[in-house]
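Participant: Sequence and predicted structure below; questions after.
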There are 2 protein chains.
Amino acid sequence: MAENAPDSLWQPVKKARAHELVIEAIEDRILSGALQVGDALPPERDLSTSLEVSRAGVREAVRVLEAQGVLRSQPGAGATAGTFVAALPRDALTRFLRLHVALSNFTIQDVTDARVVLERASAASASRRHDDTARSRMVEALDRMDQPHSSRDSFNEADTQFHLAIAEASGSALSAALTAAIRSAMKVPILRAAERTEEWPDEAQRLRREHRAIYAAIDEGDPARAADLTEAHIRRAASVLFGLESPDSRA
Amino acid sequence: MAENAPDSLWQPVKKARAHELVIEAIEDRILSGALQVGDALPPERDLSTSLEVSRAGVREAVRVLEAQGVLRSQPGAGATAGTFVAALPRDALTRFLRLHVALSNFTIQDVTDARVVLERASAASASRRHDDTARSRMVEALDRMDQPHSSRDSFNEADTQFHLAIAEASGSALSAALTAAIRSAMKVPILRAAERTEEWPDEAQRLRREHRAIYAAIDEGDPARAADLTEAHIRRAASVLFGLESPDSRA
């Protein structure tokens, strides 16, 4: 049988590339707990020697892990220079989702559904907790949306801030990071859709009213109402801005 | 006043590094829609010339975007060789979350709370839809967990599969990707905790029973029960494996 084996049985084995081996080595040490936040990595030269990989390979690996918010490089010489294990996941997550939303790897409908799941939970949780700082940030965002001559851009900025403040107030770091990343990833598509919307003043007025109602439910400590108003708001806005099925037309 | 301005007013401006400029250039084209899934990037040499950046800088940028599942490089020569815009977000998301969970940038409590939010929604949604393929995958995973001599490792593997099948059945790509990434990121911590648990046979038995009950609720099309059983299961298991507050002790 082996004699008659077609060539396709003998595909080339996938060679791991130098930088992938370095990433794997660093990841293994993080997953085992040997490398922790704040720890310094050995200098590029030393890593290159110990792992028997070119310095370019080490540098590429460091770039990849920097972009994921796992490492942070401080240029220059002296005690503070070097590459450290960092803890900056949120920006990395936002960039990641923004690109994949732009590539339509996740559709607007997918993103809307995920937002509803996460933001219902955040709004309910924010209603149960009493985070005064987060509440003042919500009020500040609402007030900014009320300014009569605000551009669509600055309205959108304040709108994003309102949703982020609710996510922060939920008290759950991962849910908040995911919510923030998804809302931030939607900032540009939402702004573009707002720019296309001819009846923007009316729509802005509706958005203000919905946000105020959500805030009132959170402030009064009514989790069920806060969650329902949040879902209705996200779905209605998506139906106006992106032409998704509105809540009323859903079965 | 300017004369007396302290030196701290004149911090060095942050220089963007070569690879960051290349990443930004590629991201801009993706965000504007000029680059789409399947499109080829110009050869490294050409990009290096047009962007006036070293070839090393271009290569580092490509590595970063490959790791985010946005680009895919095919080595060699010929029509299929080169760097293309790809659509492989899930593995990248899993790696990302796995590292940040390992670094405790998200605590087990945070991850458990996020799992509850996402998996309640997935289980409810899976109960409403009739995805026969996903349901057979659930049954297959349940059967594998029933094998009497399965190791903790292969039990954990089947357990992960069960939760992923529910996420798939939810019909929402981003929620499914997030659920899958979070459950996969928890695979190693869950396995380690299982290895430390002295009463593993009893715990495995409870996990089997809980999974069967969740499946029954999904199969009978009972979204509310499927969601509640999923939350109870995740919180109880987290209390046994990680010593988190159990649902009963929560206010």
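Facilitator: Yep, it's here.
Participant: wait, doesn't residue A:124 sit right on residue A:227?
Facilitator: Yes - using CB atoms under 8 Å, residue A:124 is in contact with residue A:227, at 4.5 Å. Using the backbone N, CA and C atoms, a C-beta is placed for each residue, glycine as well.
Participant: Against chain B, how distant is the spatially most central residue of chain A?
Facilitator: In chain A, the centroid-proximal residue (CA atoms, centre = their mean) is residue A:181; its distance is 1.8 Å. Here residue A:181 is placed at a distance of 10 Å from chain B (CB to the nearest CB, to the nearest Å).
Participant: And that residue, which helix or strand is it part of?
Facilitator: Using DSSP states H and E, residue A:181 sits within helix A:173-185.
Participant: Just name whatever secondary elements the helix or strand hosting residue A:127 is in contact with.
Facilitator: Residue A:127 is part of helix A:108-128 when elements are defined by DSSP H and E. Under the contact criterion of 3 or more CB pairs under 8 Å, 6 or more residues apart in numbering or on different chains; DSSP states H and E, helix A:108-128 touches helix A:152-169, helix A:173-185, helix A:200-219, helix A:223-242, helix B:108-128, helix B:173-185.
Participant: just so I know, which of those lies nearest residue A:77?
Facilitator: Nearest of the helices and strands packed on helix A:108-128 to residue A:77, taken as CB to CB: helix A:173-185 at 34.2 Å.
Participant: What lies in contact with that closest one?
Facilitator: Helix A:173-185 is touched from outside by A:89-90, A:93-94, A:96-98, A:101, A:111, A:114-115, A:118-119, A:121-122, A:125, A:160, A:163-164, A:166-168, A:170, B:106-107, B:110-111, B:113-114, B:117, B:174, B:178, B:182, with contacts defined as CB atoms under 8 Å, 6 or more residues apart in numbering or on different chains.
Participant: for it, what is the average pLDDT?
Facilitator: Per-region confidence: helix A:173-185 scores 84 on mean pLDDT.
Participant: export the helix or strand of chain A with the lowest mean pLDDT as PDB, just CAs?
Facilitator: Lowest mean confidence among the helices and strands of chain A (mean pLDDT, DSSP states H and E): helix A:89-102, at a mean of 81. Coordinates of each C-alpha in helix A:89-102 appear next as PDB, following Å, rounded to 0.1, in the frame of the first residue of the first chain:
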ATOM      1  CA  PRO A  89      -5.100  44.400  26.800                       C
ATOM      2  CA  ARG A  90      -7.900  46.900  26.000                       C
ATOM      3  CA  ASP A  91      -6.400  48.900  23.200                       C
ATOM      4  CA  ALA A  92      -5.100  45.700  21.500                       C
ATOM      5  CA  LEU A  93      -8.600  44.200  21.700                       C
ATOM      6  CA  THR A  94     -10.200  47.300  20.200                       C
ATOM      7  CA  ARG A  95      -7.700  47.400  17.300                       C
ATOM      8  CA  PHE A  96      -8.300  43.700  16.700                       C
ATOM      9  CA  LEU A  97     -12.100  43.900  16.600                       C
ATOM     10  CA  ARG A  98     -12.000  47.200  14.600                       C
ATOM     11  CA  LEU A  99     -10.000  45.500  11.800                       C
ATOM     12  CA  HIS A 100     -12.200  42.300  11.800                       C
ATOM     13  CA  VAL A 101     -15.400  44.400  11.700                       C
ATOM     14  CA  ALA A 102     -13.900  46.400   8.800                       C
END
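Participant: Spell out which residues belonging to the stretch 101-250 of chain A are near chain B, please.
Facilitator: A:102-107, A:110-111, A:113-114, A:117-118, A:121, A:172-175, A:177-178, A:182, A:188 (CB under 8 Å from any CB of the partner chain).
Participant: of those residues, buried ones?
Facilitator: Applying a neighbour-count criterion of 16 or more other CB atoms under 10 Å in any protein chain shown, the buried members of these are A:102-103, A:105-106, A:110-111, A:113-114, A:117-118, A:121, A:172-175, A:177-178, A:182.
Participant: so where's chain A shaky on pLDDT?
Facilitator: Applying pLDDT under 70 to chain A flags the ranges A:1-15, A:246-251.
Participant: repeat that with 50
Facilitator: Chain A contains residues with pLDDT under 50 at A:1-3, A:249-251.
Participant: Residue ranges of each domain in it, please.
Facilitator: Domains of chain A are assigned by automatic domain parsing as A:13-85, A:90-249.
Participant: is the shortest one up against chain B anywhere?
Facilitator: Same thing as domain A:13-85. Yes - using CB under 8 Å from any CB, we find that domain A:13-85 touches chain B at A:19, A:23, A:27, A:30-31, A:33, A:36-37, A:56, A:59-61, A:63-64, A:66-70, A:85.
Participant: In ChimeraX, select just the buried ones from those residues.
Facilitator: Selecting only the buried entries of the residues of domain A:13-85 next to chain B in ChimeraX, with 16+ other CB under 10 Å as the criterion:
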select /A:19,23,27,30,31,59,60,61,63,64,66,67,68,69,70,85
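Participant: Would you mind measuring from the residue nearest to residue A:221 when sequence neighbours are not counted to residue A:215?
Facilitator: Nearest residue to residue A:221 in three dimensions, chain neighbours excluded: residue A:127, at 5.3 Å (CB to CB, 6 or more residues apart in numbering or on different chains). To residue A:215, residue A:127 is 10 Å away according to CB to CB, to the nearest Å.
Participant: Which other helices and strands does the helix or strand hosting residue A:194 contact?
Facilitator: For residue A:194, the host element (DSSP H and E) is helix A:187-196. The contact analysis (3+ CB pairs under 8 Å, 6+ apart) places helix A:187-196 against helix A:89-102, helix A:152-169, helix A:223-242.
Participant: Could you rerun that using 10 Å?
Facilitator: Helix A:187-196 sits against helix A:89-102, helix A:108-128, helix A:152-169, helix A:200-219, helix A:223-242, with contacts defined as 3 or more CB pairs under 10 Å, 6 or more residues apart in numbering or on different chains; DSSP states H and E.
Participant: Buried residues in the third one, which are they?
Facilitator: To tie it back to what came earlier, the one meant is helix A:152-169. A:152, A:155-169.
Participant: how far is that helix from where the chain is centred?
Facilitator: Centroid separation for helix A:152-169 versus its chain: 14 Å, with CA atoms, centre = their mean, to the nearest Å.
Participant: Would you mind writing the CA trace of that helix as PDB?
Facilitator: In PDB, the C-alpha atoms belonging to helix A:152-169 read as follows (Å, rounded to 0.1, in the frame of the first residue of the first chain):
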ATOM      1  CA  ARG A 152     -21.900  64.300  14.300                       C
ATOM      2  CA  ASP A 153     -18.300  63.400  15.200                       C
ATOM      3  CA  SER A 154     -18.400  64.900  18.700                       C
ATOM      4  CA  PHE A 155     -21.900  63.600  19.300                       C
ATOM      5  CA  ASN A 156     -20.600  60.100  18.400                       C
ATOM      6  CA  GLU A 157     -17.600  60.600  20.700                       C
ATOM      7  CA  ALA A 158     -19.900  61.500  23.600                       C
ATOM      8  CA  ASP A 159     -22.200  58.600  22.700                       C
ATOM      9  CA  THR A 160     -19.300  56.200  22.800                       C
ATOM     10  CA  GLN A 161     -18.200  57.600  26.200                       C
ATOM     11  CA  PHE A 162     -21.700  57.000  27.600                       C
ATOM     12  CA  HIS A 163     -21.700  53.300  26.700                       C
ATOM     13  CA  LEU A 164     -18.100  52.900  28.000                       C
ATOM     14  CA  ALA A 165     -19.100  54.500  31.300                       C
ATOM     15  CA  ILE A 166     -21.900  51.900  31.700                       C
ATOM     16  CA  ALA A 167     -19.400  49.100  30.900                       C
ATOM     17  CA  GLU A 168     -17.000  50.400  33.500                       C
ATOM     18  CA  ALA A 169     -19.800  50.700  36.000                       C
END
